[in-house]
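> below are the sequence and a predicted model; questions follow.
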Amino acid sequence: MKNITLLLLCLVLFQCKNEKKEPIGKDTISTALPMCHQGIPGEEAIQKKWMEEINEIKPDAKMAKETNGMVFIPEGTYTRGATEYPDERNQTEGSLPRKDEYPLNNIKIPSFYMDAHEVTNREFEKFVKATGWVTIAERPIDINEIAKQMPPGTPLPDPETLKPGSLVFKEVSPEENHFSEWWTFTAGANWKHPQGPGSMYKADHPVVHVSWYDAMAYCKWSGKRLPTESEWEYAGRGGSESALYAWGNSTPGQEKSQGNYWQGVFPNKNTGEDGYLKTSPVGTFKPNEYELYDMSGNVWEWCNDWYHWYAYTCDSQSELLENPSGPSNSFDPSFPNTAQKTMRGGSFLCNDSYCAGYRVAARMKSSPDTGSEHTGFRCVKSGNY
Ligand SMILES: [Ca+2]
Ligand SMILES: [Ca+2]
């Protein structure tokens, strides 16, 4: 079982490796530019069999025509990337911006609509009943797909031992301070059973254990799409250039209404001072200035962009980028064999001591076929209604 756990952890990258703040300056941009061509082309990485299934889903006629439950986000420009702290607050290594949030880029975003809250289990169940969709965590594991993403020569487990499931978090002792210790691949864990067999989903909580493909399938059915990273960050800032978090600039923990994240010492003790050790019902905490809920915390939210460590460096060649949709290839120096999609907003596991994923500029990534107990999504829609 340990081998299987480690194998899958290679594909799931919910770690926030702390890196010292070394902004990519103009002098280093030119030397980094060749890295834009590094990586796995998205066209090759995408699993066509699942995209074909998604393409066959018929959008719900009523939902496709309306914007119920969505918020209008006006067009505008903003500076994408790391936001400077306004004061000398608790700037632990984990709370600082990471290198992939630099350099800053000027971005123009047309107006769009965004779901006011993360997609809930109630909504996801409606989708499953209408389409018969089976999430990736409920399907047999394809050993051939795993093999493609592993370094050549890596021994693979017996396919007979691989059962459908997903990654569940557990608190660990201070000695077990590595992300491979706090995630457990749990057979039978999926959106209906968030902590594995015996646990049960709650209708008004965000759906979890959804892969990027599952999120794409839901968006197709609802007549919507996943946001780009640039749209997500623009919406998360709520119209403010200087907002560190969706709730504004107050220090995490200063106000109870900020969002659902981790209080205490991560990953050893979650005190749950905000009332929730795991997910919370959507809309429990105060919305941001655009009336969007849980943009900081609760669950990570899939975006459509491929993850590229040098994405912002590559984009820095344009003075103003109009509605960018991300790089065409995926590159992460730490995991060069895995193509990854981006996620935003942090989760109930985020804490200033580790990765502060609830900062609106913070970027996260994972293999598109991999969900976990703190992965969810929300959809957006272009056009006039
Ligand atoms: Ca919490
Ligand atoms: Ca969220």
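Perfect, I can see it now. Numbers count the residues shown, from 1 in each chain. Ligands and ions are numbered 1, 2, ... in the order given.

> near ligand 2, which residues of the stretch 151-300 of the chain?
294, 298 (CB under 5 Å from the ion). All C-beta atoms are positioned from the backbone trio N, CA, C, and that covers glycine.

> smallest gap between the stretch 51-200 of the chain and ligand 2, at which residue?
Glu118 (5.5 Å; CB to the ion).

> so that residue is in contact with Val282, correct?
Yes - if you go by CB atoms under 8 Å, Glu118 and Val282 touch, sitting 5.4 Å apart.

> mutual contacts of those two, please.
Jointly contacting Glu118 and Val282 under the rule CB atoms under 8 Å, 6 or more residues apart in numbering are 206, 293-294, 298.

> now the helices for the stretch 201-350 of the chain?
212-221, 229-237, 311-315 (DSSP state H, counting those that start in this stretch).

> rank those by mean pLDDT and give me the bottom one.
Within these, the stretch with the lowest mean pLDDT is helix 311-315, showing a mean of 95.

> pull the most distant pair out of the shared contacts of Glu118 and Val282.
Pairwise distances among the shared contacts of Glu118 and Val282 were taken by CB to CB; the largest, 10.1 Å, belongs to Pro206 and Tyr293.

> which of these two has more neighbours?
Pro206 (32 against 23; other CB atoms under 10 Å).

> Thr79 pairs with what?
Asn106 (DSSP bridges).

> how many residues are close by it?
Neighbours of Thr79 using other CB under 10 Å come to 15.

> that one and Ser166, how far apart?
Per CB to CB, to the nearest Å, Thr79 is found 36 Å from Ser166.

> one more: Asp274?
In terms of CB to CB, Asp274 sits 24 Å off from Ser166.

> more crowded one of those two?
Ser166 (31 against 21).

> host element of the more buried one?
Here Ser166 sits within strand 165-169, counting by DSSP states H and E.

> which one among the shared contacts of Glu118 and Val282 gets closest to Gly238?
For those, the nearest to Gly238 is Tyr293 (11.5 Å; CB to CB).

> need phi/psi at the closest one.
Dihedral pair for Tyr293: phi -100, psi 150, per degrees, to the nearest 10.

> doesn't Ala116 make contact with it?
Yes - at 6.0 Å, Tyr293 counts as touching Ala116 under the criterion of CB under 8 Å.

> now do the shared contacts for these two.
Shared contacts of Tyr293 and Ala116, counting by CB under 8 Å, 6+ apart, come down to 283, 287.

> which residue packs closest to the residue of the stretch 51-200 of the chain closest to ligand 2, ignoring adjacent ones?
With CB to CB, 6 or more residues apart in numbering as the measure, Pro206 is the residue that lies nearest to Glu118, at 3.8 Å, once sequence neighbours are left out.

> residues contacting the one you found?
Pro206 makes contact with 117-121, 279, 282, 294, 298-299, 376, according to CB under 8 Å, 6+ apart.

> could you pull out the strands in the stretch 1-150 of the chain for me?
40-41, 70-73, 76-80, 105-109, 112-115 (DSSP state E, counting those that start in this stretch).

> winner for burial among these?
The highest mean neighbour count among the strands of the stretch 1-150 of the chain, using mean count of other CB atoms under 10 Å, belongs to strand 112-115: a mean of 23.

> before we move on, back to that, so for the residue of the stretch 51-200 of the chain closest to ligand 2, what's the pLDDT?
pLDDT for Glu118: 98.
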